[in-house]
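Chemist: Next input, structure requested:
(one chain, ligands or ions: 1)
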Amino acid sequence: MPDQSAVSVASASHPSAARRSTPHPPACADDPSAPHPAWLPDSAFAAVGSRRVLTAGEGLLVDTVRLEIAQATAAFSGTVADVPHDDTQPDLVLALLDHAPQTVADVASALREAGPLGEEGFVLARRAGTTVVLATHGAGLLAGMFHVVRLGESAFSADITPERHAPAHALRKLDHWDNIDVHPVMGQVERGYSGGSVFYADGGLRTDLSRVRGYARLLAASGINRVTINNVNVHASEALLLTRRLADVAALADVFRPYGIRTHLAVSFAAPILLGGMSTADPHDSTVASWWEQVTRTVHAAVPDFGGYVVKADSEGQPGPFSYGRDHADGANMLARALAPYGGVVHWRAFVYDNHQDWRDRSTDRARAAYDHFAPLDGRFDDNVVVQVKLGPIDFQVREPVSPVLAAMPRTRLAVELQVTQEYTGQQKHVCYLAPQWSEVMGFRPWGQDGPAVSDITTGAPSPDARRSVRDPHAGGGLAAVSNVGMDQFWTGHPLAQANLYAVGRLAWDPSLTPSAILAEWSALTFGADDPVVASTVQTMLTGSRDTYEAYTAPLGVGFMVHPGHHYGPGIDGYEYTPWGTYHFADRDGVGVDRTRASGTGYTGQYPQPWAAIYEDLDQCPDELLLFFHHVPYTHVLRSGSTVIQHIYDTHFSGVEQVDAMARSWSGLAGLVAPDVYDRVQERLEEQQRCAREWRDQVNTYFFRKSGVPDERGRQIF
Ligand code: GCU
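Modeler: Have a look, this model is predicted:
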């Protein structure tokens, strides 16, 4: 039955907040005790901790390295010193270049020859029984230390000829959709499935920030270097972080800083009115610009390494420059100019669309919106503006084409935005390892096989392709991702969802890493490298889990068939007659959205060739996106040889079987993984099995009733 509350809230003034009704099943409880160690259990430090370690250098982040090594060596009987021993040769040297002992001069010259490494890069080598990490800055040394931790014993076995390591993206940001207050509909963390905020409680900053410190450490070990500490939908209390609550921002920044993470703030575009008592927030009004300059100066004084502002403007009820007849470039540049003197960045989100659409109007296509708004502005954004683009044109569905905006703004710094929190992908009750999707997006080549990939665009890597000449070749906009973390004992509700948090950091550091390599690293760190049964079971469960989720939920690129509001579980017609612009157009003859230029909304024309032609052509369009681009009869034969209707039935039956197989695999780990982890995963798998059956039966029944076409294998449909 449709959720009546969702129907009635569809036109509410704060739509994204209003869309959620009571979550089902109940959310995680906050756990004040020590959280699960995730990918940094003590055992992960065994190889490093049992060695003789020499550290050299000065500074806040070098102190962090020393502290980590001191803890590890205390636990595993190693030693740490910061002056060379005369008699004993160290097993591991972690040094800043200008403090490096003579004994590692060969690695120092390799580093100099490697070319500029940036603040976060390092060189790793092993020769003559000593492993050496050298960096020019503390951030690089910290990254190098965590790299050695990841390598474990293999960092101390064979020789390693000097290797250069540096992050592909300069900006690797996690966005928290955390509120200070508990929102009556959305809870404290918008789209959060892991309990309350790790930052805020009782209407203010938490008094005990030890969990934030643990979090900073996990993020640093995965590769994240920026964190936005509040929701992009900026409510009244959170707007105050910019002014009256600035001390809270400074306190969090103090916790993140020793781990090389800079703090960002989501701000309301209407802040001059809300906080400054002004009558306008018009970006062309000089008093408005001065207000932002003065406020930003104060922010910088309190947080000297402040990262910048994140802005959701003119989107889902948030204020923006449209109210004054200005555009996104006008708005973003005003903020950018306030931040520029301090090295700050504006992340301006491209998630802009009409959420008051008339479902009867087939010419308006939500998928087109971001491109239509932003592509014409290419070249108008200041250098310290990053346009933050969701990975697909709709909204973090399990299957979407890559957003065409990423290929449409060669003179703009672009970041790709991913969603680690599993809003539409099982809400951390279902296993859904998302790295395969992210990796597909980063590797997508909008201009075909010989052109640059999305990761070339987001890293700003020099490209041989003349169609993309970013002003500064090192100025890609990086990667941004919505965090899945909360006060839950396991950080992420589902313990296996930790893999997504780890993976997003690793892919941000190096988008060429394969999802399976990341999974192997994560499971070795988290569960230990010694037990092959645990490692292989966990890897098997996670590897195909995105495909499994897709199989029992979203056929052939049709998305958003979710329960309105909270977005959990099936709601096949949930959004079909709403103003949100997300429709499947199923009738008795066929299903899918005609987005062709020939007869549909023309969205295919937003892609460069060859994709514009491939998506336009029914015969070339990849099966998994067919219904995203085309409306076809149920009897249409796919490239796979199956018909659309039979594909829907088959995948929904097999998706449930795959979930059952996952649950059987997990039960084989009883006694092999910690009981609390075992029980939590077990509980979640039971819910996934229940929910997958619900999806299967509702989707199959719906399409059987619409089409009248029976399952050729005669399975039960209701
Ligand atoms: C989705 C989500 C909202 C969120 C929005 C955004 O629509 O449901 O809760 O605010 O994305 O990314 O801004």
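
Chemist: Can you show me the helices along the stretch 251-400 of the chain?
Modeler: Per DSSP state H, counting those that start in this stretch, the stretch 251-400 of the chain carries helices over the ranges 271-274, 286-302, 328-339, 369-374.

Chemist: same question but for the stretch 1-150 of the chain, I mixed them up
Modeler: Under DSSP H, counting those that start in this stretch, the stretch 1-150 of the chain gives helices at 4-9, 15-18, 46-49, 60-76, 105-113, 138-151.

Chemist: closest one to the ligand among those helices?
Modeler: For the helices of the stretch 1-150 of the chain, proximity to the ligand was assessed by CB to the nearest ligand atom; helix 15-18 is nearest, at 3.7 Å. Glycine gets a C-beta too; all of them are placed from N, C-alpha and C.

Chemist: For the closest one, the averaged confidence score.
Modeler: Here helix 15-18 scores 38 as its mean pLDDT.

Chemist: can you redo the helices of the stretch 1-150 of the chain as TSV with distance to A38 and mean neighbour count?
Modeler: Written out in TSV, the entries for the helices of the stretch 1-150 of the chain read as follows (distance: least, CB to CB, whole Å; neighbours: other CB atoms under 10 Å):
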stretch	distance to A38	mean neighbour count
helix 4-9	34	16
helix 15-18	29	20
helix 46-49	17	24
helix 60-76	15	19
helix 105-113	31	16
helix 138-151	13	24
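
Chemist: got a markdown table for those helices, with distance to D159 too?
Modeler: Below are those laid out as a markdown table (distance: least, CB to CB, whole Å):
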| stretch | distance to D159 |
| --- | --- |
| helix 4-9 | 61 |
| helix 15-18 | 54 |
| helix 46-49 | 16 |
| helix 60-76 | 22 |
| helix 105-113 | 12 |
| helix 138-151 | 13 |
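
Chemist: So if we follow the domain assignment, how does the protein break up?
Modeler: 4-165, 172-512 (automatic domain parsing).

Chemist: which of these is buried the deepest?
Modeler: Stretch with highest mean neighbour count among the domains of the chain: domain 172-512 (a mean of 21; mean count of other CB atoms under 10 Å).

Chemist: before we move on, back to that, looking at the domains of the chain, which is nearest to the ligand?
Modeler: Closest approach to the ligand among these is made by domain 4-165 (3.7 Å; CB to the nearest ligand atom).

Chemist: Please state the offset of that closest one from the chain centre?
Modeler: Computed by CA atoms, centre = their mean, to the nearest Å, the separation of domain 4-165 from the middle of its chain amounts to 21 Å.

Chemist: Turn the helices of the stretch 1-150 of the chain into a markdown table, columns for distance to the ligand.
Modeler: Putting those into a markdown table (distance: least, CB to the nearest ligand atom, whole Å) gives the following:
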| stretch | distance to the ligand |
| --- | --- |
| helix 4-9 | 12 |
| helix 15-18 | 4 |
| helix 46-49 | 39 |
| helix 60-76 | 32 |
| helix 105-113 | 41 |
| helix 138-151 | 29 |
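
Chemist: Can you tell me the closest non-neighbouring residue to L496?
Modeler: Excluding its sequence neighbours, the residue lying closest to L496 (CB to CB, 6 or more residues apart in numbering) is V431, at 5.4 Å.

Chemist: same question, F396
Modeler: Using CB to CB, 6+ apart, the nearest residue to F396 is Q419, at 4.0 Å.

Chemist: any idea how far that neighbour lies from Q397?
Modeler: Distance of Q419 to Q397, computed by CB to CB, to the nearest Å: 10 Å.

Chemist: and if you look at S455?
Modeler: Per CB to CB, S455 is found 21 Å from Q397.

Chemist: ditto for F322
Modeler: For F322, the distance to Q397 equals 26 Å [CB to CB].

Chemist: next one: E576
Modeler: Distance, E576 to Q397, by CB to CB: 15 Å.

Chemist: can you check E163 too?
Modeler: Taken as CB to CB, the span from E163 to Q397 is 38 Å.

Chemist: Same question for K390.
Modeler: Note on K390: its distance to Q397, by CB to CB, is 10 Å.

Chemist: go on, N233?
Modeler: In this view, N233 and Q397 are 20 Å apart by CB to CB.

Chemist: same deal with R262?
Modeler: Distance of R262 to Q397, computed by CB to CB: 31 Å.

Chemist: Okay, now the unreliable bits of the stretch 1-150 of the chain?
Modeler: Applying pLDDT under 70 to the stretch 1-150 of the chain flags the ranges 1-27, 32, 84-87.

Chemist: Could you pull out the strands in the stretch 451-600 of the chain for me?
Modeler: With DSSP state E, counting those that start in this stretch as the definition, the stretch 451-600 of the chain shows strands at residue ranges 479-482, 590-591.

Chemist: So which elements touch the longest one?
Modeler: With contacts defined as 3 or more CB pairs under 8 Å, 6 or more residues apart in numbering; DSSP states H and E, the secondary structure elements packing on strand 479-482 are strand 172-175, strand 413-419, helix 498-509.

Chemist: Would you tell me which of these gets closest to V123?
Modeler: Between V123 and those, the tightest spacing by CB to CB is seen for helix 498-509, at 15.8 Å.

Chemist: how far does the closest one sit from the chain's center?
Modeler: Chain-centre distance of helix 498-509: 8 Å, with CA atoms, centre = their mean.

Chemist: That one vs strand 413-419, what angle?
Modeler: On the basis of axes from the mean of the first three to the mean of the last three CA atoms, to 10 degrees, helix 498-509 is oriented at 170 degrees to strand 413-419.

Chemist: Near the ligand, which residues of the stretch 101-250 of the chain are found?
Modeler: Residues of the stretch 101-250 of the chain lying near the ligand by CB under 6 Å from any ligand atom: 190-191, 232-233.

Chemist: Return the subset of the residues you listed lying in helices.
Modeler: Counting by DSSP state H, these place none of their members in helices.

Chemist: Adding pLDDT, write these out as JSON lines.
Modeler: As requested, those are exported to JSON lines (pLDDT from 0 to 100):
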{"residue": "E190", "pLDDT": "98"}
{"residue": "R191", "pLDDT": "98"}
{"residue": "V232", "pLDDT": "98"}
{"residue": "N233", "pLDDT": "97"}
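
Chemist: Looking at the residues you listed, spot the one nearest Q689.
Modeler: Nearest member of those to Q689, counting by CB to CB, is R191, at 23.4 Å.

Chemist: Return the distance of the closest one relative to D202.
Modeler: Distance from R191 to D202, counting by CB to CB: 22 Å.

Chemist: Give me the pLDDT for the nearest residue to Y324 once chain neighbours are set aside.
Modeler: Once flanking residues are discounted, Y324 sits nearest to D282: 4.0 Å by CB to CB, 6+ apart. Note on D282: pLDDT of 98.

Chemist: low-confidence ranges in this protein?
Modeler: Applying pLDDT under 70 to the chain flags residues 1-27, 32, 84-87, 462-474.

Chemist: list the contacts for the spatially closest residue to V303 that is not a sequence neighbour?
Modeler: Of all residues beyond its chain neighbours, the one nearest V303 is A253 (4.6 Å), with distances taken as CB to CB, 6+ apart. Counting by CB atoms under 8 Å, 6 or more residues apart in numbering, A253 makes contact with 262-263, 303, 305-306.

Chemist: cutoff 10 Å now
Modeler: Counting by CB atoms under 10 Å, 6 or more residues apart in numbering, A253 touches 227, 229, 261-265, 302-307.

Chemist: now do Y371
Modeler: By CB under 10 Å, 6+ apart, the neighbours of Y371 are 350, 389, 393, 403-409, 603, 605-607.

Chemist: possible to save those as TSV with secondary structure and distance to the ligand?
Modeler: Output for those, formatted as TSV (DSSP: H, G, I helix; E, B strand; the rest coil; distance: CB to the nearest ligand atom, whole Å):
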residue	secondary structure	distance to the ligand
A350	coil	10
V389	strand	11
P393	coil	13
S403	coil	13
P404	helix	18
V405	helix	14
L406	helix	16
A407	helix	21
A408	coil	20
M409	coil	19
Y603	helix	19
G605	helix	25
Q606	helix	20
Y607	coil	23
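
Chemist: what's the closest of those residues to T103?
Modeler: Using CB to CB, the contacts of Y371 come closest to T103 at L406, 47.1 Å.
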